[in-house]
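Engineer: Mind looking at a prediction? Sequence and model below.
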Amino acid sequence: MITTCGSSASVVILAITILITPVFAVAVETEAVSFSAADGHRIAAGFLPAANPPRSGAPAVVLLHMYRSDRAAWEPLLEPLHEAGFAVLAIDLRGHGESATTATRDRVEQRDTSVFREMQDDLRGAYDWLAKRSDIDRSRFALVGASVGCSIALQYAAKDHSVDAIVCLSPGLNYLGLDSAGDVHQITGRKILMLATEDERDAPYTLQKRGDSIEVKIYPRREAHGTNMFGTIGRVEEEIVQFLKAGVGRPTNTTVFGSINSNIYHQRGSGWIGRISPTNLRYYSSPAEAEIRGLRAARSQGPSRSKRGR
């Protein structure tokens, strides 16, 4: 407020100081964990459990980073996944981040194609680590990859039919010796979302022609490869989360069980379940879900006549 007294030029300024307490958003933080890959290599990861998992457990998603990156690249996606009810495991692939040894880092930098094929064992170990947790619903399981992480996810899903949904950021046809075109051809009955910018549109559309139930979205900009889309392309995190929620579906009480090494599934209560190695056991939300992915019922059970349902 300014007041003037008579003809003088005296001016009194009354200043009001308003104290504003800054409000900071509390970012979610992962717990640092480690586990053995299927071949014994030690893998470092960050785990974020679901906030309030249902009694049946939360759906799980494993995040696979780009070449010469690490799990920190997924930070913008962690909170949206957490808020959507997912348990999240972001891993450092061998030769990267805290999973690197001198030997594996050198192999990665030399682009030794064999080390990228070995990353299947990293993902297999990640699944085994999640499977031991009581707060995980193993019948609802998804993968998200970026760049070569897409190739690793597709190669794994071609073998493990229990993967419900896959999101690929900037997929390629043959990154670092991994044949994604061949792998995607073997993935049936699953939902796949491929995201890329205009300058990298060819590979997603080629993969779409080779695969089944693949949705492609191309963003009208350039040079935002893989996890570099975060903070560059608006709402990409939201689109990923919504796709994954639909892909993993809702909890069910019709779970059936199979092996990663077999195309046979078994009903709950089967003695077979107690005899299989835990590392090979896989869960499916229903007989129909298992069948649409190429499995068939054990002979003693007979075929399922139910429609597919999640």
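Structural biologist: Structure's in. What do you need?

Engineer: ok, now how distant is Leu77 from Gly46?
Structural biologist: When C-beta to C-beta, to the nearest Å is applied, the distance between Leu77 and Gly46 equals 12 Å. No exception for glycine: its C-beta is placed from N, CA and C like everyone else's.

Engineer: What score does Val26 have for pLDDT?
Structural biologist: Model confidence at Val26, given as pLDDT, is 46.

Engineer: got the domain boundaries for this protein?
Structural biologist: Under the assignment named as automatic domain parsing, the residue ranges that make up the domains of the chain are 31-248, 256-297.

Engineer: Serialize those domains to JSON lines and add fields for mean neighbour count and mean pLDDT.
Structural biologist: What follows is these, written out as JSON lines (neighbours: other C-beta atoms under 10 Å; pLDDT from 0 to 100):
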{"stretch": "domain 31-248", "mean neighbour count": "20", "mean pLDDT": "97"}
{"stretch": "domain 256-297", "mean neighbour count": "17", "mean pLDDT": "97"}
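
Engineer: shouldn't Asp183 be in contact with Ile152?
Structural biologist: No. No contact is recorded between Asp183 and Ile152 when judged using C-beta atoms under 8 Å, the distance being 9.7 Å.

Engineer: And Gly189, how far from Ala290?
Structural biologist: 9 Å.

Engineer: so what's in contact with those two at the same time?
Structural biologist: Shared between the contact lists of Gly189 and Ala290 (criterion: C-beta atoms under 8 Å, 6 or more residues apart in numbering) are residues His161.

Engineer: And what about Ala90, helix, strand or coil?
Structural biologist: Under the three-state scheme (DSSP: H, G, I helix; E, B strand; the rest coil), the conformation of Ala90 reads as strand.

Engineer: Isn't it up against Leu63?
Structural biologist: Yes. Proximity of Ala90 to Leu63 meets the contact threshold set by C-beta under 8 Å, at 4.1 Å.

Engineer: anything in contact with each of these two?
Structural biologist: Overlap of the contact sets of Ala90 and Leu63 (by C-beta under 8 Å, 6+ apart) consists of 71, 74.

Engineer: quick one: Gly145 is in a strand?
Structural biologist: Yes. The assignment for Gly145 (three-state DSSP) places it in a strand.

Engineer: who's it bridged to?
Structural biologist: When assigned by DSSP bridges, Gly145 has beta-bridge partners Leu64, Cys168.

Engineer: And it, how far from Ala298?
Structural biologist: Remark: distance between Gly145 and Ala298 (C-beta to C-beta) = 33 Å.

Engineer: Let me see the ranges of the strands in this protein.
Structural biologist: Defined through DSSP state E, the strands belonging to the chain, from first to last, are 2-4, 11-13, 31-36, 42-48, 58-64, 87-91, 136-146, 165-169, 191-197, 214-219, 256-259, 264-267, 281-284, 296-297.

Engineer: could you dump the ones you listed to CSV with distance to Arg107?
Structural biologist: Putting the strands of the chain into CSV (distance: least, C-beta to C-beta, whole Å) gives the following:
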stretch, distance to Arg107
strand 2-4, 73
strand 11-13, 69
strand 31-36, 19
strand 42-48, 15
strand 58-64, 18
strand 87-91, 17
strand 136-146, 20
strand 165-169, 24
strand 191-197, 28
strand 214-219, 31
strand 256-259, 31
strand 264-267, 37
strand 281-284, 30
strand 296-297, 40
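
Engineer: for those, which one sits closest to Glu118?
Structural biologist: With distances scored as C-beta to C-beta, the stretch of the strands of the chain nearest to Glu118 is strand 42-48 (11.3 Å).

Engineer: other SSEs contacting the closest one?
Structural biologist: With contacts taken as 3 or more C-beta pairs under 8 Å, 6 or more residues apart in numbering; DSSP states H and E, strand 42-48 sits against strand 31-36, helix 75-83, strand 87-91, helix 113-131.

Engineer: Now do the same contact list for Val143.
Structural biologist: No Val there; residue 143 is Leu. If you count contacts by C-beta under 8 Å, 6+ apart, Leu143 has them with 61-62, 64, 123, 153, 156-157, 163, 165-167.

Engineer: right, I mislabeled it, should have said Leu193
Structural biologist: Neighbouring residues of Leu193 by C-beta under 8 Å, 6+ apart: 165-168, 214-217, 239-240, 243.

Engineer: how about 6 Å then?
Structural biologist: By C-beta atoms under 6 Å, 6 or more residues apart in numbering, the contact set of Leu193 is 167, 215, 243.

Engineer: With Gln155 instead?
Structural biologist: Here Gln155 is in contact with 178, 183 (C-beta under 6 Å, 6+ apart).

Engineer: could you measure it against Tyr175, distance?
Structural biologist: As it turns out, when the distance is counted by C-beta to C-beta, Gln155 lies 11 Å from Tyr175.

Engineer: Please apply the same query to Gln110.
Structural biologist: In terms of C-beta to C-beta, Gln110 sits 15 Å off from Tyr175.

Engineer: With that, I have no additional questions.
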